[in-house]
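Participant: below is the sequence, then the predicted model.
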Amino acid sequence: MRKKWQKQMTFMPQEIDHPQARELEAISQLLDSKSTIYEIVLQDLPSQATSGSPGGAQGMTAEQVIRAAIVKVLFGFTYEELAFHLVDSMSIRRFCRIGITDEGFKKSTLHKNIKALSAETWQLINKEVLAHAEEAGIEKGRQVRIDCTVVESNIHKPSDSVLLWDAVRAITRLLERAQQETGKQRLLFHDHRRIAKKRMLAIQYTRDAKARKPLYKDLVKKTRQCVSYARSAVKALEQSVAHPSRTALAIELQSFVRLTDQVIRQTELRVFQDQQVPSSEKIVSLFEPHTDIIVKDRRDTYYGHKVCLTGGKSNLILDCLIVEGNPADTTLTETMLDRQHQIYNRYPLKAALDGGFASKDNLAKAKEKKIKDVCFAKKRGLSELDMCRSHYVYKQLRRFRAGIEAGISWLKRTFGFNRCMWKGLPSFKSYVWATIVSANLLTVARKQLA
């Protein structure tokens, strides 16, 4: 009997004898063997398909959505490229369950359905993949390696002048939309984008700090004026006839006003009062305000989120934690080990961690959890025999830990894990987990084909 996440099967394109086609077929068989994945996906999808019919021929099923999302990540497609390949490629059409006589999907349909999948859904899918790997004898979760990396947000390098310029142009663009909504007679404002851009560029090219201050004052003045216009526009939108588009526009303007006020405040503290602003209180992007400032090894600064990964002996990524702020690695050791217990209902026998996780307290807590061998890449006052049963085991685990560096590099080079191209914090988390799930599916498929 046909399931509710399926639709009536049509003639599928024939299978092609090619390495990538065989990998896709292996992934397809894995997904079919864990049909609960489709049930999980179905919970996130809108009740009505983007075509306008709940489950008609033009709507995407849960099965097609998850498969299209996996293809997008595996091949690094944009939504427009994905829409093209779903029409053009026989292998991809077969993988995504699109029959010979079926049409493809528009990029807007693909975007709406794929972005509907939450990070929690992707995390549950990853658990199903790990369960399959355990059943197949690929990964038992008895030996793990843990390390942290940074996934950057899709923003330009921040500076006070650029953030103020971003505020002026973003608010002005929204004011133009508000003017169309309320009518020209009800909303008046001046366009300061040209002068704001001149001041921003002048600040960028001026080396003398004293000479930059009057330029900053003028730029802050123009930004304040834009904020004033925005507040007036919000009142006009609220007083006009209620309409969903006007309500959404008022909320968006209020959000930009709040963020711009914060940018002005931090500019005045830093430039005019020569005070330092703590990283936790800084805003580095108006468009991705969730972005954290991550200083790595006291030399490199990244703008995104710290991500802690747990890898297994099979090179599968067993777990991922997207961390808020930039806490020290030592504070994450117990958390990452406890999360392994949640996945496998037991702690690993051996754990290899980066040197930043090392501390006597963390070693003691790991030993309390009956983890026989705990290897920190840097000893930090700990002896090898305190951590492991022998010097040989310590050296083996230390070499094993280095493998996660290669795994992280593979994720970044192949799947775009270095920079998230999706907008907003919920989408950022979904992007991270979608990448991990797709990489794990490919790893399992290759091991089964080997």
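Facilitator: In hand now; what should we look at? As the structure is a computational prediction, the values presented were derived from the model and not from experiment.

Participant: give me the pLDDT for G424.
Facilitator: Looking at G424, its pLDDT is 94.

Participant: same thing with S279?
Facilitator: At S279, pLDDT is 84.

Participant: show me the contacts for it.
Facilitator: If you count contacts by C-beta atoms under 8 Å, 6 or more residues apart in numbering, S279 has them with 292-293, 295, 326. In short, each C-beta sits where N, CA and C put it, glycine included.

Participant: these into TSV, with extra columns for secondary structure, distance to Y229 and pLDDT?
Facilitator: Below are the contacts of S279 laid out as TSV (DSSP: H, G, I helix; E, B strand; the rest coil; distance: C-beta to C-beta, whole Å; pLDDT from 0 to 100):
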residue	secondary structure	distance to Y229	pLDDT
D292	strand	31	95
I293	strand	30	93
V295	strand	37	88
N326	coil	36	91
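
Participant: what's the ChimeraX syntax to select whichever of those are buried?
Facilitator: In ChimeraX, this line selects whichever of those come out buried by 16 or more other C-beta atoms under 10 Å:
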select :292,293,326
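
Participant: which two in the contacts of S279 are spaced the farthest apart?
Facilitator: Greatest spacing in these, by C-beta to C-beta: D292 and V295 (10.2 Å).

Participant: overlap of the contact sets of the two?
Facilitator: 279, 326.

Participant: what domains does the record give for this protein?
Facilitator: 19-117, 140-155+291-424, 160-281 (automatic domain parsing).

Participant: ok, which stretches of the stretch 251-400 of the chain are strands?
Facilitator: 292-296, 300-312, 317-323, 350-353, 373-376 (DSSP state E, counting those that start in this stretch).

Participant: A230 is nearest to which of these?
Facilitator: Short answer: strand 300-312, nearest of the strands of the stretch 251-400 of the chain by C-beta to C-beta, at 25.4 Å.

Participant: quick one: contacts for the nearest residue to S280 once chain neighbours are set aside?
Facilitator: What sits nearest to S280 in space, not counting adjacent residues and going by C-beta to C-beta, 6 or more residues apart in numbering, is G325, at 6.4 Å. G325 sits next to 280, 292, 306 when contact means C-beta under 8 Å, 6+ apart.

Participant: include distance to N126 when you put the residues you listed into JSON lines, please.
Facilitator: Shown next, in JSON lines, are those (distance: C-beta to C-beta, whole Å):
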{"residue": "S280", "distance to N126": "30"}
{"residue": "D292", "distance to N126": "23"}
{"residue": "K306", "distance to N126": "19"}
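
Participant: output the below-cut-off pLDDT ranges for the chain.
Facilitator: 1-14, 47-58, 183-187 (pLDDT under 70).

Participant: ok, now with 50
Facilitator: 1-2, 48-57 (pLDDT under 50).

Participant: coming back round to it: and the strands of the stretch 251-400 of the chain, which is most packed in?
Facilitator: When the strands of the stretch 251-400 of the chain are scored by mean count of other C-beta atoms under 10 Å, the highest mean neighbour count falls to strand 350-353 (a mean of 26).

Participant: can I have that one written out in CSV, keeping just the CAs?
Facilitator: The C-alpha atoms that make up strand 350-353 are tabulated as CSV, following Å, rounded to 0.1, in the frame of the first residue of the first chain:
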residue,chain,number,x,y,z
LYS,A,350,38.3,5.2,23.9
ALA,A,351,38.2,8.9,23.3
ALA,A,352,40.8,11.1,21.6
LEU,A,353,40.4,14.9,22.0
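
Participant: contacts for it, please.
Facilitator: Contacts of strand 350-353 (C-beta under 8 Å, 6+ apart): 142-147, 333, 337, 366, 371-377, 393, 397-398, 400-401.

Participant: buried subset of these?
Facilitator: 143-147, 333, 337, 366, 371, 373-377, 393, 397-398, 400-401.

Participant: restricted to helices, list those residues.
Facilitator: 333, 337, 366, 393, 397-398, 400-401 (DSSP state H).

Participant: looking at these, which two lie furthest apart in space?
Facilitator: T333 and V393 (19.1 Å).

Participant: circling back: would you list the ones in helices among the buried ones among the contacts of strand 350-353 in a markdown table and tack on distance to I98?
Facilitator: Shown next, in a markdown table, are these (distance: C-beta to C-beta, whole Å):
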| residue | distance to I98 |
| --- | --- |
| T333 | 46 |
| L337 | 43 |
| A366 | 49 |
| V393 | 51 |
| L397 | 46 |
| R398 | 48 |
| F400 | 42 |
| R401 | 43 |
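
Participant: any buried residues in stretch 250-261, and which?
Facilitator: 250, 252-254, 256-257, 259-260.

Participant: and of the residues you listed, the nearest to L42?
Facilitator: Nearest to L42 among these, with distances taken as C-beta to C-beta, is E252, at 30.9 Å.

Participant: which non-adjacent residue is nearest the closest one?
Facilitator: Using C-beta to C-beta, 6+ apart, the closest residue to E252 is L174 (6.2 Å).

Participant: try E324
Facilitator: In space, E324 is closest to D292, 7.3 Å off (C-beta to C-beta, 6+ apart).

Participant: again, but for L397
Facilitator: The nearest residue in space to L397 (C-beta to C-beta, 6+ apart) is C375, at 3.6 Å.

Participant: thought L385 was touching that neighbour, still the case?
Facilitator: No: with contacts counted by C-beta atoms under 8 Å, C375 stays clear of L385, the gap being 11.8 Å.

Participant: longest helix of this structure?
Facilitator: Using DSSP H, we find that the single longest helix of the chain is helix 209-239.

Participant: count the neighbours of the residue nearest to E252 for me.
Facilitator: Residues lying near L174 (other C-beta atoms under 10 Å) number 22.

Participant: repeat that for G424.
Facilitator: G424, neighbours per other C-beta under 10 Å, totals 16.

Participant: measure it to S279 for me?
Facilitator: 21 Å (C-beta to C-beta, to the nearest Å).

Participant: could I get the buried residue list for stretch 402-421?
Facilitator: Buried-residue list, stretch 402-421, by 16+ other C-beta under 10 Å: 403-404, 407-408, 411, 414-415, 417-418, 420.

Participant: okay if I get those residues as CSV plus distance to F95 and secondary structure?
Facilitator: Shown next, in CSV, are these (distance: C-beta to C-beta, whole Å; DSSP: H, G, I helix; E, B strand; the rest coil):
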residue, distance to F95, secondary structure
G403, 29, helix
I404, 29, helix
G407, 25, helix
I408, 27, helix
L411, 21, helix
T414, 18, helix
F415, 17, helix
F417, 22, coil
N418, 26, coil
C420, 25, coil
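
Participant: closest to H192 out of the residues you listed?
Facilitator: Nearest to H192 among the buried residues of stretch 402-421, with distances taken as C-beta to C-beta, is C420, at 31.5 Å.

Participant: quick one: that closest one and W433 touch, right?
Facilitator: No: C420 lies out of contact with W433 (C-beta under 8 Å); the separation is 11.2 Å.
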